[in-house]
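> The sequence and its predicted three-dimensional model are supplied below.
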Amino acid sequence: MPAAVPKPRTLYDKIWDDHVVDVNEDGLALIYIDRHLVHEVTSPQAFEGLRNATRAVRRPDCTLATVDHNVPTVSRKDFKSVDSFIAEPDSRAQCAALEENVKEFGLTYFGMKDRRQGIVHVIGPEQGFTLPGITCVCGDSHTSTHGAFGSLAFGIGTSEVEHVLATQTLLQKKSKNMRITVDGELHEGVTSKDVILHIIGVIGTAGGTGCVIEYAGSVFRGFSMEARMSVCNMSIEAGARAGMVAPDEITFAYLRDRPLSPKGEEWDQAVAYWKTLKSDEGAKFDIEVKINAADIIPTVTWGTSPQDVVAITGKVPDPANITDSVKKASAERSLSYMGLKANTPMEEITIDKVFIGSCTNSRIEDLRSAAKVVLAAGPDAKVADHVVAMIVPGSGVIKQHAEAEGLDAIFKRAGFDWREAGCSMCLGMNPDQLAPGERCASTSNRNFEGRQGAGGRTHLLSPAMAAAAALTGKLTDVRRFLGKIREVDSKLKNKSEFEFLDEPTIPPAPITPASHPADSQKALPPKDTPSSVQKFTVLKGIAAPLHMENVDTDMIIPKQFLKTLKRSGLANALFYTLRKDPHTGKDTDFILNRSPYDRARILVCTGKNFGCGSSREHAPWSLNDFGIRCIIAPSFADIFRNNSMQNGMLPVAIPQEQCRELAEDAEAGFELEVDLEKQEIRRPGGKPAISFSTDPFRRHCLLNGLDDIGLTLQREGSIKSFETRRSQTWPWLDGFGYNGKIPIKPVRATKKTDW
Ligand SMILES: CC(C)[C@H](C(=O)O)[C@@H](O)C(=O)O
Ligand code: SF4
């Protein structure tokens with residue numbers, strides 16, 4: 001019999017297949033995780049869980065931790081310790097907790113005195129921790145960034161962080177394959193940020209729900225790694241769990257000689273494997289989107305969702321032209337929040353602040369492209385009088401690199417503030433925040449209400465556009481500077497190979513014997529480990545109707561409530577900005593403040609894509625604390641859905657029309673009854689029940705209150721044999737170069753900038 005011809009596979013299929021440890025009958029797979037990045041916001045409760053169950057970290061050699069969200073970005077010249085440096089008590093507590101946890105669990109950690117500290121999605125690639133073909137996770141939605149290397153990288157919630165720490169695996173359902181192809185030539189002045197903003201404008205923030213996106217076509221092939229990272233970063237804003245670009249010579253050149261990249265023979269072996277990582281001819285994509293590069297012009301956002309984009313040459317849209325009532329109401333709300341009038345030309349919008357930074361745009365190339373605009377504006381160019389502009393490099397390494405190239409001098413001379421690495425004003429968990437009503441031109445990735453500070457207004461754009469806005473004081477088409485930019489191009493002294501000679505001041509934590517992988521067996525719990533997950537069987541109660549689409553997790557629980565070390569006590573934080581009047585602090589008439597909905601146990605949302613945005617598990621925690629254990633909506637963002645089920649809560653997806661019917665019942669004040677055993681929602685007055693479906697495994701766990709970690713640890717045999725095969729096939733994935741001496745290696749930077 002002739003051998004079966006292998007089916008053509010996508011890049012995602014290949015990486016997925018290479019990581020399956022075990023598959024349940026219903027298709028839910030246990031996949032192995034190669035790299036785990038940890039930060040201070042989403043890890044304290046996970047470490048606490050390990051501690052309570054006396055579990056160790058299974059693979060400290062595949063885990064890397066840093067602080068980024070809470071760190072102040074002022075000079076660290078006088079830094080002595082987190083305790084003395086971070087003034088805000090909750091931020092300090094989260095950073096201090098991480099420092100304690102990495103010591104206790106023996107993890108490698110880049111602290112505030114280490115030049116390698118920075119935003120978690122910047123430091124992974126920079127160190128060569130991120131590699132092609134790997135699975136990479138972090139308790140952070142923008143983990144999608146790492147897909148730029150041709151890896152499967154996605155954000156997870158805190159319960160899943162704990163799962164990975166304990167087992168180095170995750171239970172996952174395979175996503176759909178989506179391909180976005182951008183072919184043709186980009187116009188001069190159009191950057192990777194414009195490309196991804198344009199894509200989100202085309203497919204919407206729910207466009208990639210349930211999918212892994214592969215970015216294909218000549219535009220992405222021509223992009224540098226930095227540009228690919230900016231694109232993959234915002235896959236989450238496009239609704240996808242992950243985004244990826246097939247690795248190629250540009251990827252290999254970027255990784256060669258990075259401190260944690262494979263070396264010698266292993267490098268050659270790795271490259272040979274990485275070269276196989278591309279979608280086969282004829283591979284099947286569930287969704288295909290094609291975009292013509294020539295259609296893209298510099299793009300900015302006007303509203304409070306990343307899909308609210310418009311060309312810089314355009315105008316603020318007019319809600320009067322929108323027919324769908326939910327969409328129209330949301331556009332009106334956005335305009336009022338943003339303090340904008342319909343039909344205002346975008347270039348007439350005056351700004352107060354400029355933020356160049358975040359995991360989307362804080363890399364060396366981003367800084368170069370902003371610096372070029374400043375140079376092009378002439379030696380006397382200054383940040384406009386009424387504007388405060390800050391540049392926040394993504395890591396200490398980038399900061400030094402930029403200083404070696406003289407970029408800091410260009411910025412400082414023009415009046416920009418040159419800061420230390422961190423998330424900074426991207427989400428204002430640290431002192432960098434917008435004041436109410438302030439308008440910011442920002443290179444970050446989210447423009448949600450209150451994202452950069454309560455009442456703050458965000459316009460997302462590229463670093464070059466942000467620099468132009470800083471100089472003119474209003475949103476500006478950067479192409480006005482083009483001719484001059486060409487002239488100054490040669491003035492920037494790109495250092496393509498940059499040596500770091502200084503020794504780090506905080507050595508990595510030693511790997512303690514207690515946390516060595518070989519000892520993890522000892523930490524296994526008995527098979528009948530009791531679970532703390534609450535059972536979900538039948539839930540009867542008041543249902544609150546909510547007529548909104550794209551309800552994001554920043555809205556469900558704003559950033560100031562993420563600074564907790566606990567999973568509880570968050571009932572008041574739920575929908576905080578909608579429930580509290582920002583001026584009086586009193587309760588608004590938001591649905592959950594009104595009787596009987598202040599006792600709601602079920603939420604019925606009529607708009608799509610509930611729970612999009614950040615991976616914060618605080619969102620389901622706050623709903624749960626409020627008393628809501630079931631959310632019914634036409635669709636959910638993937639991470640939110642997983643996070644809810646990890647907490648004994650039930651997300652039910654049913655068609656929008658049925659959501660509307662249930663919302664009518666809810667508006668009439670009737671109770672609903674959600675029966676998970678029968679998979680039906682029973683309605684008042686003898687109306688026919690509405691049926692729904694849930695993954696069999698998840699349903700079983702919810703009905704019985706089972707805890708994933710306990711179940712996974714029972715599959716120790718399969719995990720061990722996967723690890724043996726992994727060591728033989730991909731030896732470069734075991735451990736990494738920080739055990740003991742820290743290598744000081746040249747960090748290469750690409751010569752080519754985005755444009
Ligand atoms: C704190 C973290 C959970 C969050 C995320 O997942 O995205 C943050 O990084 C953000 O950008 O909102
Ligand atoms: S999106 Fe902002 S807050 Fe979140 S990881 Fe990136 S820089 Fe940090």
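Cool, the structure landed. Ligands and ions are numbered 1, 2, ... in the order given.
> hey, let's count contacts and neighbours off CA atoms from now on
Noted.
> Doesn't residue 270 lie inside a helix?
Yes - when DSSP: H, G, I helix; E, B strand; the rest coil is applied, residue 270 is found to be in a helix.
> wait, it sits on residue 733?
No - under the criterion of Cα atoms under 8 Å, residue 270 is not in contact with residue 733, lying 9.6 Å apart.
> Which residue lies nearest the spatial centre of this protein?
Within the chain, one residue has its C-alpha closest to the average C-alpha position: by Cα atoms, centre = their mean, that is residue 142, at 1.9 Å.
> give the contact list for the residue of the stretch 201-350 of the chain found nearest ligand 1.
Scanning the stretch 201-350 of the chain for proximity to ligand 1 using Cα to the nearest ligand atom identifies residue 236 as nearest, at 8.9 Å. Contact criterion Cα atoms under 8 Å, 6 or more residues apart in numbering gives 141-142, 144, 242, 613 as the residues in contact with residue 236.
> pLDDT at it, what is it?
Predicted confidence (pLDDT) for residue 236: 97.
> Count the neighbours of residue 248 for me.
18 (other Cα atoms under 10 Å).
> For it, which non-adjacent residue is closest in space?
Spatially, and ignoring its direct neighbours in sequence, residue 248 is nearest to residue 275 (7.0 Å; Cα to Cα, 6 or more residues apart in numbering).
> Any idea what the closest residue in space to residue 599 that isn't next to it in sequence is bridged to?
Distance criterion Cα to Cα, 6+ apart; nearest residue to residue 599, sequence neighbours excluded, is residue 542 at 6.7 Å. Per DSSP bridges, residues listed as beta-bridge partners of residue 542: residue 671.
> neighbours around residue 542, how many?
Residues contacting residue 542 under the criterion other Cα under 10 Å number 23.
> Repeat that for residue 246.
The tally of other residues near residue 246 (other Cα under 10 Å) stands at 25.
> Which secondary structure state does it sit in?
The local conformation at residue 246, judged by three-state DSSP, is coil.
> Now do the same contact list for it.
Counted by Cα under 8 Å, 6+ apart, residue 246 has contacts 11, 148-150, 214, 277-279.
> same thing with residue 346?
302, 312-316, 475-476.
> And the residue nearest to residue 599, how close does it get to ligand 2?
As judged by Cα to the nearest ligand atom, to the nearest Å, residue 542 and ligand 2 stand 35 Å apart.
> I'd say that residue and residue 595 touch.
No - contact status for residue 542 versus residue 595: not in contact, 10.0 Å apart, counting by Cα under 8 Å.
> returning to what we had before: quick check: pLDDT value at the residue lying closest to the residue nearest to the centre of the chain once chain neighbours are set aside.
Excluding its sequence neighbours, the residue lying closest to residue 142 (Cα to Cα, 6+ apart) is residue 233, at 5.5 Å. In the prediction, the pLDDT value recorded for residue 233 is 98.
> Doesn't residue 177 lie inside a strand?
Yes - the assignment for residue 177, made by three-state DSSP, places it in a strand.
> any idea which element residue 361 lies in?
Assigned by DSSP states H and E, residue 361 belongs to neither a helix nor a strand.
> and what of the one 10 residues further on?
Here residue 371 sits within helix 364-376, counting by DSSP H and E.
> how about the residue nearest to the centre of the chain, what does it touch?
With Cα under 8 Å, 6+ apart as the criterion, the residues that contact residue 142 are 121, 154-155, 233-234, 236, 359, 614.
> 10 Å - rerun?
The neighbours of residue 142, taking Cα atoms under 10 Å, 6 or more residues apart in numbering as the test, are 120-121, 153-156, 232-237, 241-242, 359-360, 445, 613-615.
> before we move on, back to that, please pick the buried ones from the contacts of residue 346.
By the neighbour-count criterion of 16 or more other Cα atoms under 10 Å, the contacts of residue 346 include these buried positions: 302, 312, 315-316, 475-476.
> export those to a markdown table and tack on pLDDT?
Putting the buried ones among the contacts of residue 346 into a markdown table (pLDDT from 0 to 100) gives the following:
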| residue | pLDDT |
| --- | --- |
| 302 | 98 |
| 312 | 98 |
| 315 | 98 |
| 316 | 98 |
| 475 | 98 |
| 476 | 98 |
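> Of all pairs in the residues you listed, which one spans the longest distance?
The largest separation in those, counting by Cα to Cα, is between 316 and 476 at 14.2 Å.
> so residue 434 touches residue 454, yeah?
Yes - using Cα atoms under 10 Å as the test, residue 434 is close enough to residue 454 to be in contact (7.3 Å).
> Tell me which of these two has more neighbours.
Using other Cα under 10 Å as the criterion, residue 434 and residue 454 rank with residue 434 on top: 23 against 20.
> Am I right that the more buried one is in a strand?
No - per three-state DSSP, residue 434 lies outside any strand segment and is coil.
> Nearest residue to it in space, please, no chain neighbours.
Counting by Cα to Cα, 6+ apart, residue 453 is the residue found nearest to residue 434 once chain neighbours are left out, at 4.7 Å.
> again with residue 427
With sequence-adjacent residues excluded and distances taken as Cα to Cα, 6+ apart, residue 427 is closest to residue 452, at 4.8 Å.
> now residue 30
For residue 30, the nearest residue in space outside its immediate sequence neighbours is residue 171; the separation is 4.5 Å by Cα to Cα, 6+ apart.
> hey, C-alpha coordinates of whichever strand or helix holds that neighbour in PDB?
Element membership for residue 171, per DSSP H and E: strand 169-172. Listed next in PDB are the C-alpha coordinates belonging to strand 169-172 (Å, rounded to 0.1, in the frame of the first residue of the first chain):
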ATOM      1  CA  THR A 169       1.600  22.300  30.500                       C
ATOM      2  CA  LEU A 170      -1.800  23.800  29.700                       C
ATOM      3  CA  LEU A 171      -5.100  22.300  28.800                       C
ATOM      4  CA  GLN A 172      -6.000  23.900  25.500                       C
END
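> Flag every buried residue along it.
Taking 16+ other Cα under 10 Å as the neighbour-count basis, strand 169-172 is seen to contain the buried residues 169-171.
> which stretches of the stretch 1-150 of the chain form strands?
In the stretch 1-150 of the chain, the strands defined using DSSP state E, counting those that start in this stretch lie at 20-23, 29-32, 35-38, 63-66, 108-110, 135-138.
> Include mean neighbour count, mean pLDDT and distance to residue 347 when you put those into CSV, please.
Output for those, formatted as CSV (neighbours: other Cα atoms under 10 Å; pLDDT from 0 to 100; distance: least, Cα to Cα, whole Å):
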stretch, mean neighbour count, mean pLDDT, distance to residue 347
strand 20-23, 18, 96, 50
strand 29-32, 22, 97, 48
strand 35-38, 25, 98, 40
strand 63-66, 24, 96, 39
strand 108-110, 24, 93, 41
strand 135-138, 28, 98, 38
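> Pick out the residue of the stretch 51-200 of the chain closest to ligand 2.
Nearest residue of the stretch 51-200 of the chain to ligand 2: residue 69, at 5.5 Å (Cα to the nearest ligand atom).
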